Structure formats: structure tokens, C-alpha cells
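**Q** Got a predicted structure plus its sequence, pasted below:
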Amino acid sequence: MIYLDHNATTPMNPEALAAMLPYFGRDFANPSSSHSEGRKAAAAVEKARATVAACLGSGPDEIVFTSSGSEANNLAIKGAAALRGCGNIITAGVEHPSVLGACDSLLGAGFTLTRVQVDRAGLVDPSDLADLLRPETFLVSIMYANNETGTIMPVAEIGRICRAKGVLFHTDAVQAAGKIPVETAECKADLLSISAHKFNGPKGVGALFVRRGVRLAPIVHGGGQEKGLVAGTSDTAGIVAMAKALALRAAGMSEIFDRTKKLRDRLEEILFSSLDRLRLNGHPDLRLPNTLNVGIEGVDGGRLLEALDSRGVMVSGGAACHSGGRSPVLEAMGVYDEAPAAAIRFSLGPETAQEEVDSAAAAVVEEVRRLRGGKQ
């Protein structure tokens with residue numbers, strides 16, 4: 001198997017897996033319990049909180065653990081809206097479904113939604129966003145980096161604009177964290193979401209950075225865990241493993257960045273030099289180092305993915321959470337205004353080898369030529 005779908009999920013880092021195992025066994029206690037075993041579990045959670053905070057350049061008191069990046073996004077948006085009662089939210093059409101869905105759920109309940117346009121590379125122009133701010137705008141939610149194209153948004157400038165206007169700025173950093181440096185202070189974020197399984201941690205655990213002084217309302221009520229914002233028994237094992245995985249990524253970030261970018265660029269060069277009628281979806285430079293989204297004309301995307309799958313090459317046609325059909329991300333970018341093309345996303349990981357990239361590239365070239373009837 002050649003796995004080039006790391007933006008969908010990643011294999012667990014063995015060290016992160018080892019770190020979580022004790023909490024399924026001898027250290028199984030509930031961290032909310034007052035006895036000594038509970039306090040030991042609680043200490044592990046707090047140590048993990050400090051680690052995650054250090055990786056994001058924040059304080060431990062600003063980290064709230066969630067069950068996923070999607071829950072973190074929903075908590076940020078709905079939690080901010082619940083304290084307002086009404087107002088305007090600005091986002092973009094290239095956002096993750098959990099952001100767009102959370103925003104859409106508020107329509108008709110006193111809230112309005114404005115979508116800022118993106119260009120052909122999927123970028124938001126900060127000046128366009130600034131022009132859309134209104135007195136009733138209380139929240140802007142723009143992702144850090146796109147999960148389908150890898151395009152990196154100008155979040156620092158957007159954050160500065162929001163901060164100057166007194167508008168909350170949330171950024172979905174699920175795809176960015178662990179791939180590029182993510183600093184909460186640098187991007188002026190008030191709220192920032194991450195998810196463990198995107199950087200070799202376990203599925204089912206995420207975190208939301210909540211800048212000190214920012215207030216949210218809970219979206220699930222219960223026992224009052226995580227400062228009353230996330231009800232339910234804390235997933236000690238998952239939280240510990242997430243912190244370990246993020247710390248390992250942070251320690252090796254420069255090496256991982258350089259290596260995955262080199263392999264990504266090699267894959268891109270082979271494909272574009274071997275086939276015609278290809279186009280890049282996403283920004284050529286402002287892009288995650290591991291991500292390549294290619295539009296391939298003259299083939300059916302579903303048939304190409306099936307052919308590659310049969311050869312053991314795991315890639316995708318876009319986001320794993322997308323139900324199929326036209327990609328809302330590519331639609332917002334205006335890609336569908338051009339000649340019809342199958343969109344294929346390649347996303348590499350720290351474990352990806354050059355031999356895998358070369359074999360995958362060869363398989364893509366062969367299958368595209370076959371589906372095109374032997375044409376290049």
C-alpha cells in the first residue's frame with residue numbers, strides 16, 4: 001500500500017501510541033475523581049495541556065480539550081454566538097463542513113452569514129474581508145490552511161484586522177497544526193482549532209485555543225469538565241497521546257517540512273512533465289508542504305481513483321468528510337468554470353518514501369493515459 005492521503009488521517013506515531021496505552025490499563029481512573037488515582041489521571045491531562053499550549057505558543061489555561069476538530073469548530077462558532085443572541089458572521093466558501101454547517105445552523109435565529117470570496121488559488125484577500133465588516137459583525141472564521149488544496153491563508157493579517165475592529169477571529173488550524181508552525185499570538189487568533197489525528201495522534205480528540213478573556217457558552221451541557229465548556233469524562237489516553245504526537249511534530253517540524261515539500265515537488269514535477277492537460281488547484285507557493293491537488297482533464301475522477309486503489313495507491317478526490325460530487329472548495333475557487341477535470345489530492349506524511357512517490361506517479365501516469373485511450 002502506498003498511502004498518500006495524510007490530510008484525511010494519519011497513522012499513529014508509535015511513541016504517541018505507547019504514551020496512551022497505560023490509560024487503558026493501570027491508569028484508567030476518571031480524572032474528575034477526587035481520589036489519588038483520579039488525581040494522577042488529572043495530572044496527566046494537565047501535563048498534556050501544558051505541552052499542547054507550548055506547541056501553540058499559548059498558556060495552558062487557554063487550551064480546551066474536545067472530542068474532535070469538528071467539535072472545536074462548533075464550540076468556537078456556536079459558543080460565541082450563544083452569548084451574542086444575534087449578529088453577523090463572516091466566513092469563506094472553502095471552509096471545512098464543520099465550520100460552514102455550524103454557521104448555517106445559526107441562520108434564522110437572529111444571525112446572518114457573509115461569505116468572503118476567494119481567488120482561483122483559494123486565497124482570501126484581507127482587504128476584501130475588511131470591506132465586509134459591519135457594526136453587527138462579531139465573528140470571523142477563516143481557516144489556517146485548506147484541507148483539499150493546502151492553500152495557506154493570510155491569517156496574521158486577517159487577525160490584525162479583526163483585533164483592530166474588536167471582532168472575534170476563529171481559525172480552523174486542523175490541517176495546519178503539525179505541518180507548519182502555528183502560533184496563536186502571531187496569527188492574532190481568539191479561537192483556534194486542532195485535531196490529533198492529522199498529526200499522527202489518535203482519532204477522537206482535539207483542542208480549542210480560547211484566548212484569555214474570550215467567553216464562550218457550552219454547546220453540550222453536563223458535568224462541567226474543561227471549564228464547563230465540554231461536558232463528558234475527559235479522554236485521558238487520547239489527550240496524552242495528542243500532546244505527545246504534537247510535541248514530536250513540533251520538534252521535527254523543519255525536517256518534516258523540507259522532506260515532504262521535496263517529495264511533493266518531485267511528484268508534481270513528474271506528473272506535469274509526463275502528462276498534458278493538467279492544472280494545479282491551490283496556490284503554487286502559499287501551500288502546505290505535503291499537499292498537491294491536481295486537476296486532470298479527459299478522465300473520470302471516480303474511475304481514476306478506483307484504478308489507483310486497485311494498484312494499492314491511496315489518494316482522494318478531496319476531503320474525506322465530503323459526501324461526493326462537486327467539491328464546495330473547488331466551486332468557491334471557480335475551478336468548475338474551466339474545462340472539466342478530475343481533481344485528485346495527494347497528501348504526503350513524514351513516513352512517505354521517495355520510492356512510494358515515484359511508484360505512485362508512475363501509476364497515475366499509466367492510468368491517466370489508459371483512461372484517455374492511450375493519449376498523453
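**A** Perfect, I can see it now. Residues are numbered from 1 along each chain as shown.
**Q** what about Glu338, how many neighbours?
**A** Look at Glu338: counted by other C-beta atoms under 10 Å, it has 12 neighbours. C-beta: built from backbone N, CA, C; applies to glycine.
**Q** Return the distance of it relative to Gly295.
**A** 8 Å (C-beta to C-beta, to the nearest Å).
**Q** Please identify every residue contacting each of the two.
**A** Common neighbours of Glu338 and Gly295, using C-beta atoms under 8 Å, 6 or more residues apart in numbering, are Arg279.
**Q** per-domain residue ranges of the chain.
**A** Domain assignment for the chain by automatic domain parsing gives 2-9+253-371, 14-251.
**Q** deepest of those domains, which one?
**A** Comparing the domains of the chain by mean neighbour count (mean count of other C-beta atoms under 10 Å), domain 14-251 comes out on top with a mean of 20.
**Q** Span of it from start to end?
**A** Taking C-alpha to C-alpha, to the nearest Å, domain 14-251 runs 16 Å from one end to the other.
**Q** Give me the distance from it to the chain's centre.
**A** Relative to its chain's centre, domain 14-251 lies at 10 Å (C-alpha atoms, centre = their mean, to the nearest Å).
**Q** remind me which residues of the stretch 1-150 of the chain are low pLDDT?
**A** Along the stretch 1-150 of the chain, the model assigns pLDDT under 70 to no residue.
**Q** which residues in it form strands?
**A** 2-3, 63-66, 87-92, 111-116, 137-141 (DSSP state E, counting those that start in this stretch).
**Q** Ok, which of these comes nearest Leu271?
**A** Between Leu271 and the strands of the stretch 1-150 of the chain, the tightest spacing by C-beta to C-beta is seen for strand 2-3, at 14.6 Å.
**Q** residues making contact with that closest one?
**A** By C-beta under 8 Å, 6+ apart, strand 2-3 touches Pro11, Gly312, Val313, Met314, Gly349, Thr352, Glu356, Ser359, Ala360.
**Q** contacting residues around the fourth one?
**A** Taking C-beta under 8 Å, 6+ apart as the contact definition, Met314 lies against Met1, Ile2, Tyr3, Leu4, Asp5, Leu308.
**Q** How much space separates the second one from Gly252?
**A** For Ile2, the distance to Gly252 under the criterion C-beta to C-beta works out to 22 Å.
**Q** repeat for His96
**A** Separation of His96 from Gly252 (C-beta to C-beta): 26 Å.
**Q** Leaving out sequence neighbours, find the closest residue to Ala342.
**A** Gly301 (3.2 Å; C-beta to C-beta, 6 or more residues apart in numbering).
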